[in-house]
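**Q** pasting the sequence and the predicted model now:
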Amino acid sequence: MSTPLLEINDLRVSVEDREILKGVNLTLQGGEVHAIMGRNGSGKSTLSYVLAGKAGYEVTGGTVHLKGRDLLAMSPDQRAVAGLFLAFQYPIEIPGVATMTFLKVALNAQRKARGEAELSTPDFIRVVREAAGELEIDTAMLKRALNVGFSGGEKKRAEILQMSLLKPSICVMDETDSGLDIDALKIVARGVNILRNPDRAMLVITHYQRLLNHIVPDKVHVFADGRIVKSGGKELALELEKQGYAGFDEPALDSATGLAS
Amino acid sequence: MPAEWGIKIAGAHRFAMKNGTPALAAPVAGLTAHIRKGPVGGANEDAVLALNHALVRSHLGLEISGQTDRIIQIDHWRGGPAAHVTSAVQIEVAAGASATVVETFSGSAAAHLGNHATRIKVGDGASFTHIVLDKSDHISRHLASFDYEIGADVRLRSLVINDGAALSRTYISANFGGSGSHGDFGGLNLAGEGTHLDIPLDIVHAVAGTTSTELFKQVANRGGKAIFQGRIIVARGAQKTDAKMMMAGLMLAEGAQILAKPELEIYADDVVCGHGATCGDLDDEQLFYLMSRGIDPADARAMLVRAFVEELFDFLGEGDLYDVLHDVMSGVASDWVAGQ
């Protein structure tokens, strides 16, 4: 088999001396979509931030390779250029930065870093229009300041549009379904499905099985207490939906109170 | 004298003020210009302004009547051996007239001390925009005073930007003397290393029924000091005054200093006045978001600094007249960021 797109080996991460990730192992091949499910506080979002290189997380052990390259040695911008994209659970609002300006700077920064020619303004506008059309995104939204005054659905759609424009190899979607009604969820899922291709892998982090009806994963991993405790096919998500996370938590739940003992 | 001097604003009707000496430009409809002996009028207790009155030999007088679509530029330039350069301008905007005047300061490769004063009278029903940009060399010292005498039903917009002299004091004073007038006062201090920039502001709402906003932004880097001292006086009987003053500071490094001192003196009992101040550094979450899209740290920081100051230029809006100005103004901010 060729070099995996993403290979995580025994990843251990602490925040202020508290271990959050306790040995994560995960391998994504080109074309694969993996879902990570788990309850709040299990470390799912920490994994996404560590992959993207956010400050404040201390990697105490393990390795992460993106197409064979040491991801953890790179700064956040280098990771993006190398092909990693994090769709934020809560996309950040930046007043004073026009969305189109931001998209152009980001796209050209990545093209430049890869040694490709920067796009001229007309070419850039054409590329954005095409991508927005395909994803059914109203371009009027792009005239506003970045994420400012966007509804929850608009923010997530804007993330998917960025993903489409930046053409990453690895997409990490951190609870992309949170705060979305069913119609917005369908539009976002449709966008994600359009972007599935053999040269790209996706890691979909979610609480709920609902999203996985629309983005059907190849594999499902159950996350509990900082590690993957069970992996399976898409049917595992249905099982979780029925039984809850109770059987997967460590330490086991107290049967009388339903609380961790 | 270098062939290239001053600051170019495309399409502007330009008056040169080289080393404080006014020169006339070709006539244009709606605008009359004179060179007059002595200082501009008006009494003021400010020491720097008093010095200007005592020393200035002649001043440029502009009378604006009707609508002037072209930007009027007064291009102050200081050059040659170091000197104390005193200059003055008087602008009278007739009732119902409308104009935009931009004063730019540049030059001074030697240690000049500039002392400039502009006195502006805005007539009833007039609409006036006044933008002041200091791009003098770092080695110079820049003292400037701008005074607005505001009639009734006036729309006034004032914006000062300091991105030049290492030591500058830009004193802004305004008197609302007629009801129904509104003024927006804005300012930006960009203080890099070894820079001390001070904007004292005195606004007097002298009669009932006038409103104003004051928005001043300050960006300071290591070893830079930016100061805003804003005073609003609401005179006895100036009921229904509405004045809102805000200072927002951005500190880019340890060792940056931003000072703000608001003062409200209110002698009427039916008014709305407020003031606020914020100060902080760049937002780590915003920086991370930009970097996570492949934008390198320096460019990400530059984008956020520009975003911080952009609000001051929003009023320039759209249209040919303002595109030029907007480019000049936002260029100032991005050049500064690039140079840090």
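**A** Nice, thanks for sending it over. Numbers count the residues shown, from 1 in each chain, chains lettered A, B, ... in the order given.

**Q** what sits against the closest residue to chain A within the stretch 51-200 of chain B?
**A** Proximity to chain A, evaluated over the stretch 51-200 of chain B using Cβ to the nearest Cβ, is greatest for B:L188 at 13.3 Å. All C-beta spots, glycine's among them, are computed from the backbone N, C-alpha and C. By Cβ atoms under 8 Å, 6 or more residues apart in numbering or on different chains, the contact list for B:L188 reads B:L159, B:V160, B:I161, B:N162, B:D163, B:F216, B:K217, B:Q218, B:V219, B:V309, B:L312, B:A333.

**Q** neighbour count and distance to chain A for those - can I get that in CSV?
**A** CSV is the format used below for the contacts of B:L188 (neighbours: other Cβ atoms under 10 Å in any protein chain shown; distance: Cβ to the nearest Cβ, whole Å):
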residue, neighbour count, distance to chain A
B:L159, 22, 16
B:V160, 25, 20
B:I161, 26, 16
B:N162, 28, 20
B:D163, 22, 18
B:F216, 25, 16
B:K217, 25, 11
B:Q218, 31, 16
B:V219, 26, 13
B:V309, 24, 8
B:L312, 21, 10
B:A333, 24, 11
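
**Q** of all these, which two lie farthest apart?
**A** For those, the farthest-apart pair by Cβ to Cβ is B:L159 and B:V219; their separation is 15.3 Å.

**Q** sec struct for B:F288, please.
**A** Following DSSP: H, G, I helix; E, B strand; the rest coil, the label given to B:F288 is helix.

**Q** number of residues surrounding it?
**A** Neighbour count for B:F288, taken as other Cβ atoms under 10 Å in any protein chain shown: 21.

**Q** how far away is the closest residue to it other than its chain neighbours from B:D284?
**A** Spatial nearest neighbour of B:F288, chain neighbours left out: A:K54 (5.5 Å); criterion: Cβ to Cβ, 6 or more residues apart in numbering or on different chains. As defined by Cβ to Cβ, to the nearest Å, A:K54 lies at a distance of 9 Å from B:D284.

**Q** over to B:G151?
**A** In this view, B:G151 and B:D284 are 48 Å apart by Cβ to Cβ.

**Q** please say which of the two ends up with more neighbours.
**A** Set side by side, B:G151 and B:D284 show more neighbours around B:G151, with 20 against 11, by other Cβ under 10 Å.

**Q** would you agree the more buried one is in contact with B:A126?
**A** Yes: judged on Cβ atoms under 8 Å, B:G151 makes contact with B:A126 at a distance of 7.1 Å.

**Q** residues that sit against both of those two, list them.
**A** Listed as contacting both B:G151 and B:A126 by Cβ under 8 Å, 6+ apart are B:A95.

**Q** count of neighbours near the residue lying closest to A:A132 once chain neighbours are set aside?
**A** Using Cβ to Cβ, 6+ apart and skipping the chain neighbours, the partner closest in space to A:A132 is A:T139 (5.2 Å). By other Cβ under 10 Å, 14 other residues sit near A:T139.

**Q** swap in B:Y267?
**A** Close neighbours of B:Y267, defined as other Cβ under 10 Å, add up to 12.

**Q** can you tell me the SS state at B:R70?
**A** Reduced to three states by three-state DSSP, B:R70 is coil.

**Q** name the helix or strand for whatever residue of the stretch 1-150 of chain A ends up closest to chain B, please.
**A** Going by Cβ to the nearest Cβ, chain B is nearest to A:G96 of the stretch 1-150 of chain A, at 2.9 Å. A:G96 belongs to strand A:94-98 when assigned by DSSP states H and E.

**Q** that'll do, ta.
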